[in-house]
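**Q** For reference, the sequence and a predicted model appear below.
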Amino acid sequence: MLSLAVLGSGKGSNFQSIFEAIEEGRLAARIVCVISDVPEAFILERARRAGLPAEFVDCGPWRTKVEGEAEQRLLERLRAHGADTIALAGFMRMLKRGLISAYPGRIVNIHPSLLPAFPGLRAWQQALEYGVRVTGCTVHFVDEGMDTGPIIVQRTVPVLDDDTPDTLHARIQEQEHIAYPEALDLLARGRLRIEGRRVRRV
């Protein structure tokens, strides 16, 4: 069973899908804490309503990364809660070597595209502007690159002729809420092996 820390910066819809999967017995995990780098983030309110430890951690002056003293603060809180696995759920900062090396093969992220296509911010809008007919979401292990870690699960979403960024994003999120608990359960049951840049199911 995973002792899971969920990190997020926003509304927390993927946190909610993870929590519900645990409650319904579809994911062998317990959430030991929910942490946000944004004090007013709604993910913290969701966690508190669910009776889970929820806290703001000051992740430093850089809006796009966690390093130095901020990284140590975050590590201290994760260890204090007994987390052995980290799920990034809309956490808008890149993690650096210190935190990644402390949790090797135990940090997972979800991204709203079929990686390696459209890494970075607003991937659904990138896909729409590029003109692809199919996009989706990807759950992957985290490394030091931007959305470059080994892929665990992907789910596809068709791009419709009348899609707007908002409608496409909403349909991608529906698939995210399926894919993330699925990927975490594979990890919980020891079904994943990282082999170089690839993930093998066992």
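**A** Arrived safely. Numbering: from 1, shown residues only.
**Q** Just the helices from the protein, written as ranges.
**A** 13-23, 42-49, 69-80, 97-102, 123-130, 165-188 (DSSP state H).
**Q** Could you say which of those helices is packed most deeply?
**A** Highest mean neighbour count among the helices of the chain (mean count of other CB atoms under 10 Å): helix 13-23, with a mean of 20. (Each C-beta comes from the backbone N, C-alpha and C, glycine too.)
**Q** Report the mean confidence score over that one.
**A** Averaging pLDDT along helix 13-23 yields 98.
**Q** just stretch 45-56 next, same as before
**A** In this model, stretch 45-56 carries a mean pLDDT of 97.
**Q** about what we covered before: how about the helices of the chain, which one is nearest Val57?
**A** Set against Val57 and scored by CB to CB, these come closest in helix 69-80, at 5.4 Å.
**Q** Just the C-alphas of that closest one, formatted as PDB.
**A** Output of helix 69-80 as PDB, limited to C-alpha atoms (Å, rounded to 0.1, in the frame of the first residue of the first chain):
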ATOM      1  CA  GLU A  69      16.000  25.900   1.300                       C
ATOM      2  CA  ALA A  70      12.500  25.500  -0.200                       C
ATOM      3  CA  GLU A  71      13.300  22.000  -1.300                       C
ATOM      4  CA  GLN A  72      14.500  21.100   2.200                       C
ATOM      5  CA  ARG A  73      11.300  22.500   3.700                       C
ATOM      6  CA  LEU A  74       9.200  20.400   1.400                       C
ATOM      7  CA  LEU A  75      11.300  17.300   2.100                       C
ATOM      8  CA  GLU A  76      11.000  17.800   5.900                       C
ATOM      9  CA  ARG A  77       7.200  17.900   5.700                       C
ATOM     10  CA  LEU A  78       7.000  14.900   3.400                       C
ATOM     11  CA  ARG A  79       9.100  12.900   5.800                       C
ATOM     12  CA  ALA A  80       7.200  14.100   8.800                       C
END
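**Q** So that it lines up with my notes, have the first residue be 344 from now on.
**A** Renumbered: residue one is now 344, and that last one reads helix 412-423.
**Q** Ile374: what's it in contact with?
**A** Counting by CB atoms under 8 Å, 6 or more residues apart in numbering, Ile374 makes contact with 347-349, 361-362, 365, 390, 395.
**Q** Could you rerun that using 10 Å?
**A** 345-349, 358, 361-362, 365, 390, 393, 395-397, 424, 426, 430 (CB atoms under 10 Å, 6 or more residues apart in numbering).
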